[in-house]
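Peer 1: build me a model:
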Amino acid sequence: MSEGLVNLDSATALKLATAKQKKDVGDQAFKAGNVKDALKSYHESLMYLLGLDKNAMQSIGLANPSTNGTDTKEKSEADEIIEKIYANMSACHIKNGNWKRAVETAEKALAKNESNYKAMFRKGKALGEQGFFDKSLKVLEELKTKNPTDAAMVDAEIARLRAIDNERERIHKQKLKGFLNRDKGDKK
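Peer 2: Residues are numbered from 1 along each chain as shown. A predicted model of the protein is given here:
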C-alpha cells in the first residue's frame, strides 16, 4: 500500500514539474513576442495543474495542510503557479486585443489572489478597452489604494482610458445629432 502512495507522490511531483516547465516555456515565448505559443504553453501547464490532488500534494510537502478545519485559504505551490499563469494569459490576451478573455483570465488570477496587482491592472485596462469605463475606473482606483507605488502608472492608464471614453462619447453625440437633424429636415 505504501508503494501506491509513493507512485502517487511521484506522479504528482512529476505533473507539477512538467507544469512549471511548460509555464517557463510560455514565459520565454511571451518575452520573444510569440503570444500564440505562450498561450498554448500556459494552457498546457494549466491542464497539468488543475487536475492535481491537493491531498497528494500535502503528502509530499508541496501544499500547506489545513489547520483544524478552519476556512483559511491555504495556497499550495500549484495555486501560486495557476495564479501566475492566469495573470500571464491575461497579458497575452491584452496583446491580442481579446479584451473579454483578458478580463476573464485576470479575474481567475484574482480569485486565487486578490492582491495580484498585475492582474488587477490588466482587468481594469481590458474593461476600459471594452467600453466599460466606470467599471474600469473602479478597478483601477481600487488598485491605487491597495498599491500606491503604481499610482503613476495607474493614473496614466486612467487618463488614456478617459481620452478613449471621451472620444467615443463625442462620436456617439455626433451621430445622435446627425440623426435628430435629419428628422427635422424631412418634415419640411
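Peer 1: burial check on residue 114, number of neighbours?
Peer 2: Neighbourhood size, residue 114 [other C-beta atoms under 10 Å]: 11. Heads up, the C-betas are built off the backbone N, CA and C, glycines and all.
Peer 1: all further residue positions should be reported with the first residue as 46.
Peer 2: Sure, I'll start numbering at 46, so the last one becomes residue 159.
Peer 1: secondary structure class for it?
Peer 2: State at residue 159, reduced to three classes by DSSP: H, G, I helix; E, B strand; the rest coil: coil.
Peer 1: quick one: buried residues of the helix or strand hosting residue 208?
Peer 2: When secondary structure is defined by DSSP states H and E, residue 208 falls within helix 196-232. Across helix 196-232, burial judged by 16 or more other C-beta atoms under 10 Å covers 199, 202, 203, 206, 210.
Peer 1: so the third one sits right up against residue 182, yeah?
Peer 2: Right, residue 203. Yes. Residue 203 lies in contact with residue 182 (C-beta atoms under 8 Å); the separation is 6.5 Å.
Peer 1: next up, the contacts around the most centrally placed residue in the chain.
Peer 2: In the chain, the centroid-proximal residue (C-alpha atoms, centre = their mean) is residue 151; its distance is 1.9 Å. Residues near residue 151 by C-beta atoms under 8 Å, 6 or more residues apart in numbering: 131, 132, 135, 164, 165, 167, 168, 171.
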